[in-house]
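> Next come a sequence and a model predicted from it.
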Amino acid sequence: MHTPAVVSVLGEDRVGIVAAVATALAEAQANIEDIRQTIIGGIFSMTMLVTVREEAVAFDELQRRLARTAEDIGVQITLQREDVFRYMHRI
Amino acid sequence: MYISPEEIVETLTMITQQNLDVRTVTLGLSLSGCTHPDVEVMAQRIYERVTSAAERLVPVAKQIEREYGLPIVNERIAVTPIAQLADATTAEDLTPLAVALDRAALEVGVDFLGGFSALVQKGIGDGDRRLIASIPAALAATERVCASVNVASTRTGINMDAVLQMAAVIRGTALATADQNSIGCAKLVVFANMVEDNPFMAGAVHGSGEPDAVINVGISGPGVVRAVVSSLPADADLTSVAEAIKATAFKITRVGELVARETAHRLGVARGIVDLSLAPTPAEGDSVAEIIEAMGVGRCGGPGTTAALALLNDAVKKGGAMGTSSTGGLSGAFIPVSEDAGMIRAVESGALSLEKLEALTSVCSVGLDMIAIPGDTATETIAGIIADECAIGVINAKTTAVRLIPAVGKKLGDRVHFGGLLGEAPVMAVNEWAGTVFARRGGRFPAPLGSLRN
């Protein structure tokens, strides 16, 4: 099952955030469809639209892996199914 | 279709900073197949029906919560009004059925289960009589079971005999749970125009027009609405305020719609309704009173409060109705005193009285809710309060309810602590001029002219 999802990353800017998140996603065979990233007042903010291949790695397993990545690099990472944003912001 | 980072941040802010959540995912279950002449056998059948049908409710809701990153605060169960099963048995005491429901709720991991209920708006049947008489003992013997009794409707008028009986039952329940601050009364609602698909406790039941099993979802989000209203310029006119609330209610409702759809799909049961209610919690900021104050009323309860609440309630419905085609339940802002930090402040500062709360119930859902009153309040006074609330509901064709806690041993100015979502209630002043005659006249308050719609 290919599940569209949103990864959001928030934290103090440092070297290697994008690399660490992208590596975790690649290892789970989750494809990155789009990335938007900015730095506001030293705070790193990134949102990624990804497709999670659940037959490779289950959704909750990917959430656990990203939680470990978040801990390793000291940022906040959330992975949520994309429908919640689509339902809320699109008619 | 790309979702902008601003939209993603808006959603995350709503969840992490403004208490956006789905308040309840409630599984409605028919118990019509559980009847048996022996009350103990019926209790066992009820236990088996609830535990097997609701086995996956909590795990599925928790999974959806994780996948969407959206808190689902409660999973609950509503069952067929137990009085409808009571005719199968001659047992006087129906407490064993409540105990079975309580055990089943514990087993499947839900905090409240509604349906120890009867509908007696036109008359009290024998099963109804036994159920009503069992309420104090049943609520004292259980933790999770909620009871409700419908005593009035626009179509039938008010059953004043039932009103008086329920006033006595409220006092009896307070006494039976006196050692726990009369907490039994927090699980007991007296209704006019009860709805049969309400997902919110303590008044949830699974009505006779419902399928075997159904998922109903109650949305929430007072914190989100308050944040939006607070962010408006101080000179924004009320049209702009209504517009902002409406747009926010749409977004909140869409989340509820998504959760209802997903939960029903994964459980393989019918999708019921989304209840468009603003349900406050004791958490700071998650308050309906604070929305009223953000709209510019000095303190909730002050002049302007009824108008502000009416505007709020209406705007929530308009936004919500765009967000889902399955509106239902109570769908209106709740004003439970003990569960809303802003309401408690308003009461303690003298801004909000029982009479003002009564006025507010004419423009919102659902009634005099979670209000502690002195433990020595007379039965006739409580009956008078119930009758007044029923009259507002019956004449205006809306649901009203009374959930009063005459806390044993407590007097004006004391606080009654319930804990958790039930919060803490300041004991409020009650007008002592009810007399003893009106409530004891009994009979049926006739259905209003407005009931003749055909």
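Yes, it's here. Numbers count the residues shown, from 1 in each chain, chains lettered A, B, ... in the order given.
> any idea of the mean pLDDT in the lengthiest helix in chain B?
In chain B, assigned by DSSP state H, the helix with the most residues is helix B:238-267. The average pLDDT for helix B:238-267 rounds to 95.
> before we move on, what about stretch B:325-338?
Regarding stretch B:325-338, the rounded mean pLDDT is 91.
> ok, is it in contact with chain A or not?
No: judged by C-beta under 8 Å from any C-beta of the partner chain, stretch B:325-338 stays clear of chain A, getting no closer than 12.6 Å. (Each C-beta comes from the backbone N, C-alpha and C, glycine too.)
> By neighbour count, which bits of that stretch are buried? Give me those.
For stretch B:325-338, burial by neighbour count (16 or more other C-beta atoms under 10 Å in any protein chain shown) applies to B:326-338.
> Repeat that for stretch B:445-454.
Neighbour-count burial for stretch B:445-454, counted by 16+ other C-beta under 10 Å, picks out B:Phe445, B:Ala447, B:Pro448, B:Ser451.
> What helix or strand is the closest residue to the first one other than its chain neighbours located in?
For B:Phe445, ignoring the flanking residues on the chain, the nearest one in space by C-beta to C-beta, 6 or more residues apart in numbering or on different chains is B:Ile158 at 3.7 Å. Secondary-structure element containing B:Ile158, defined by DSSP states H and E: strand B:157-159.
> Beyond that strand, next helix or strand please.
helix B:160-176.
> Kindly spell out which helices and strands sit in contact with that next one.
helix B:126-141, strand B:145-153, strand B:188-192, helix B:379-395, strand B:400-407 (3 or more C-beta pairs under 8 Å, 6 or more residues apart in numbering or on different chains; DSSP states H and E).
> Which residues does the third one contact?
Residues outside strand B:188-192 that contact it (C-beta atoms under 8 Å, 6 or more residues apart in numbering or on different chains): B:121, B:135, B:139, B:146-153, B:158, B:163, B:166, B:169-170, B:173, B:202-203, B:367, B:386, B:389-390, B:392-394, B:399-403.
> Go again with 6 Å.
B:147-152, B:166, B:173, B:202-203, B:386, B:390, B:393-394, B:400-403 (C-beta atoms under 6 Å, 6 or more residues apart in numbering or on different chains).
> so what strands line up beside it?
strand B:145-153 (parallel), strand B:400-407 (antiparallel) (DSSP bridges).
> one step back: determine whether any part of the longest helix of chain B lies close to chain A.
Yes: judged by C-beta under 6 Å from any C-beta of the partner chain, helix B:238-267 comes into contact with chain A through B:Lys251, B:Arg254, B:Val255, B:Leu258.
> Now whichever helix or strand comes after that helix: average pLDDT?
Downstream of helix B:238-267, the next assigned helix or strand under DSSP H and E is strand B:270-275. The average pLDDT within strand B:270-275 is 95.
> do the same with stretch B:291-305
Rounded mean pLDDT across stretch B:291-305 is 97.
> Return the set of buried residues in that stretch.
The neighbour-count check on stretch B:291-305 (16+ other C-beta under 10 Å) flags B:Ile291, B:Ile292, B:Glu293, B:Ala294, B:Met295, B:Val297, B:Arg299, B:Cys300, B:Gly301, B:Gly302, B:Thr305 as buried.
> And the contacts of it?
B:Val225, B:Arg226, B:Val229, B:Ser230, B:Ala289, B:Ala308, B:Leu312, B:Gly342, B:Ala346, B:Ala351, B:Leu352, B:Lys356.
> Stretch A:70-80 now?
Under C-beta under 6 Å, 6+ apart, the answer for stretch A:70-80 is A:5-11, A:17, A:20, A:63, A:66, B:68-69.
> if we take the buried residues of stretch B:445-454, which one ends up nearest to chain A?
The closest of the buried residues of stretch B:445-454 to chain A turns out to be B:Ser451 (C-beta to the nearest C-beta; 37.8 Å).
> show me the residues around that closest one that make contact.
B:Thr154, B:Arg155.
> Backbone dihedrals for it, both of them.
Per-residue torsions, B:Ser451: phi -80, psi -20 (degrees, to the nearest 10).
> Just the pLDDT at it, thanks.
For B:Ser451, the pLDDT comes out at 92.
> For my notes, please list the buried residues of stretch B:325-338 in TSV and give distance to B:Gly423 and secondary structure for each entry.
Listed next are the buried residues of stretch B:325-338 as TSV, based on distance: C-beta to C-beta, whole Å; DSSP: H, G, I helix; E, B strand; the rest coil:
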residue	distance to B:Gly423	secondary structure
B:Ser326	30	coil
B:Thr327	27	strand
B:Gly328	26	coil
B:Gly329	21	coil
B:Leu330	19	coil
B:Ser331	22	coil
B:Gly332	20	coil
B:Ala333	17	coil
B:Phe334	12	coil
B:Ile335	13	coil
B:Pro336	8	coil
B:Val337	8	coil
B:Ser338	4	coil
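> picking up where we left off before, partner strands of the strand holding B:Ile158 and their direction?
Strand B:157-159 is paired, per DSSP bridges, with strand B:145-153 (antiparallel), strand B:444-445 (antiparallel).
> which outside residues touch the shortest one?
Right, the one you point to is strand B:444-445. Contacts of strand B:444-445 (C-beta under 6 Å, 6+ apart): B:Gly157, B:Ile158, B:Asn159, B:Met160.
> Pick the most buried one from the helices and strands packed on helix B:160-176.
Mean neighbour count (mean count of other C-beta atoms under 10 Å in any protein chain shown) peaks for strand B:188-192 among the helices and strands packed on helix B:160-176, with a mean of 30.
> what's the next secondary structure element after that one?
Counting by DSSP H and E, what follows strand B:188-192 is strand B:213-219.
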